[in-house]
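K.L.:
Generate a structure from the sequence data that follows.
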Amino acid sequence: MTYALVRRRPAAAHLDLPTFAHATGLHPDLVRRFTVLGLLEPVEDARGDWWYPVAQVAAAARIQRLRAGFSLNYAAVGLVADLLDRIAELEADLRTRSRRSGD
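P.N.:
Below you'll find the model as predicted:
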């Protein structure tokens with residue numbers, strides 16, 4: 001078994017909770033709520049601190065747009081976001097197949 005002599009912090013492409021909250025314009029408590037609901041996906045370090053990949057800033061903006069634009073509750077926001085992701089995957093797959101077949 002090996003032990004790290006120095007605690008590693010996630011790469012610079014990750015933001016801590018206060019920085020992420022500031023970047024998204026969300027209150028840190030709301031960021032925590034989104035994380036617990038599974039709407040945001042941070043990386044957890046050895047201490048249990050959450051570090052948010054920079055790409056999660058776009059996910060937070062999407063959550064805000066869905067909530068404001070459609071007056072969805074947070075559970076519905078998660079469902080709609082998952083469905084939109086699945087649609088995007090299917091459309092990308094369809095485009096790839098169309099290119100291969102020469103259509």
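K.L.:
tell me which residues in the longest helix seen in the chain are buried?
P.N.:
As assigned by DSSP state H, the longest helix anywhere in the chain is helix 74-101. Judged by neighbour count using 16 or more other C-beta atoms under 10 Å, the buried positions of helix 74-101 are 74, 77-78, 80-81. For every residue, glycine as well, the C-beta is placed using N, CA and C.
K.L.:
Next: stretch 31-41.
P.N.:
So for stretch 31-41, counting by 16+ other C-beta under 10 Å, buried means 31-32, 34-35, 39-40.
K.L.:
now, the most widely separated pair of the residues you listed?
P.N.:
By the measure C-beta to C-beta, 32 and 39 form the most distant pair in these, at 11.0 Å.
K.L.:
would you list the buried residues of helix 74-101 in CSV and tack on pLDDT?
P.N.:
Converted to CSV, the buried residues of helix 74-101 look like this (pLDDT from 0 to 100):
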residue, pLDDT
74, 88
77, 95
78, 92
80, 95
81, 93
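K.L.:
Between those residues, which sits nearest residue 46?
P.N.:
residue 78 (27.9 Å).
K.L.:
Not counting its neighbours along the chain, what's nearest residue 30?
P.N.:
Nearest residue to residue 30 in three dimensions, chain neighbours excluded: residue 21, at 7.8 Å (C-beta to C-beta, 6 or more residues apart in numbering).
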